[in-house]
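Q: need coordinates for the below:
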Amino acid sequence: MEARAVARYVRMSPRKARQVVDLVRGKAVEAALSLLHFTPKKAARVVEQTVRSAAANWDTKEGAKGDHEDLFVKEIFVDGGIAFKRVLPMPRGSAGRVRKRFSHITVVVSDGQ
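A: Residues are numbered from 1 along each chain as shown. Presented below is the predicted three-dimensional model:
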């Protein structure tokens, strides 16, 4: 049985979020949460919240048996969201475009059955 959680429109570059997501892919939920808790990256906090949400969603599923020790991160990925376009002054009176990117983080946990 599976459960999923999606954090949408997270104000963070997808590339930076993927660095953290790659750390926990395929790990047990408890191990992933402890690893994320002590990872010194901004993305770790958001990914940790999303993993906790997926585990809580698994608890509310009908027919969910067992504890969180049986759960593992089956699938986790980051998709790019929208990007705010801003203008930054550049030399010689020109303007440069700055893209402030957003991410969508998806976590799927499973008990292996």
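Q: can you show me the helices along this protein?
A: 14-24, 29-37, 42-60 (DSSP state H).
Q: the first one to helix 29-37, inter-axis angle?
A: What that stands for is helix 14-24. For helix 14-24 against helix 29-37, the angle by axes from the mean of the first three to the mean of the last three CA atoms, to 10 degrees is 140 degrees.
Q: rounded mean pLDDT for helix 14-24, please.
A: Helix 14-24 comes out with an average pLDDT of 96.
Q: who's in contact with that helix?
A: Helix 14-24 has contacts (CB atoms under 8 Å, 6 or more residues apart in numbering) with 10, 32, 35-36, 39, 41-44, 46-47, 51, 73, 76-81, 101, 103, 105. For every residue, glycine as well, the C-beta is placed using N, CA and C.
Q: got JSON lines for the helices of the chain, with distance to G112 and mean neighbour count too?
A: What follows is these, written out as JSON lines (distance: least, CB to CB, whole Å; neighbours: other CB atoms under 10 Å):
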{"stretch": "helix 14-24", "distance to G112": "16", "mean neighbour count": "18"}
{"stretch": "helix 29-37", "distance to G112": "12", "mean neighbour count": "17"}
{"stretch": "helix 42-60", "distance to G112": "12", "mean neighbour count": "18"}
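Q: quick one: closest of those to V6.
A: For the helices of the chain, the distance to V6 is smallest for helix 42-60, at 7.5 Å, taking CB to CB.
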